[in-house]
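A.B. asks: requesting a structural model of the entry that follows:
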Amino acid sequence: MDIIFANNQDIADLITILLLNIFVVFLISKFIYLKFNNRNKKSLNEFFFTYNSAALITFLLCFLLSNVKLDLGFALGLFAIFAILRFRTETIKVKEMTYFFVVIGVSAINALSNNNASFLELAIANFSIILLLFVLEYTISRSSSE
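C.D. replies: Take a look at the predicted model:
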């Protein structure tokens, strides 16, 4: 059996993209979701925990299984699994479900772009998602306060 103990380049890629993913999901959940949503604190903290945990698991599943020939079908399968779970749990608001979809999507994009995009391209894609969410939340909060 040819078992490779460690591949330094793969480990460096995992750590770099994992840190980017954790940073982006944390920004989305902490500084956009929590900032612009004024529900009870306990409920918000539960979603904050869920978003960050689900994003980490999604990223690791996609990244570590990306060498298996599943790519897009695998990502869509994950979305299907989470959609089924959504119908098996208590009903949550559309906005919370949208954020859940966003953090899963960001994690899948980051993990599956391993060899297909440069780090700069990945950073630009993540920044555009953060920017769009911020602009949408800011616009909604301004229009509802008037």
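
A.B. asks: now do the contacts for the residue nearest the centre of the chain.
C.D. replies: Centroid-nearest residue in the chain, with Cα atoms, centre = their mean: residue 103, separated by 2.5 Å. Contacts for residue 103 (Cβ atoms under 8 Å, 6 or more residues apart in numbering) come out as 25, 28, 29, 51, 52, 54, 55, 58. To be clear about C-beta, it is placed using only N, CA and C from the backbone, and glycine gets the same treatment.

A.B. asks: want to throw the residues you listed into TSV with distance to residue 43 and neighbour count?
C.D. replies: Compiled in TSV, the contacts of residue 103 are given as follows (distance: Cβ to Cβ, whole Å; neighbours: other Cβ atoms under 10 Å):
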residue	distance to residue 43	neighbour count
25	19	26
28	17	23
29	13	22
51	13	23
52	15	17
54	16	17
55	19	26
58	22	24
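
A.B. asks: sorry, back to before: for the residue nearest to the centre of the chain, which non-adjacent residue is spatially closest?
C.D. replies: Closest residue in space to residue 103, ignoring its immediate chain neighbours: residue 55 at 4.2 Å, by Cβ to Cβ, 6 or more residues apart in numbering.

A.B. asks: name the residues of the helix or strand residue 58 falls within that are buried.
C.D. replies: According to DSSP states H and E, residue 58 maps onto helix 41-64. Neighbour-count burial for helix 41-64, counted by 16 or more other Cβ atoms under 10 Å, picks out 44, 47-48, 50-52, 54-56, 58-59, 61-63.
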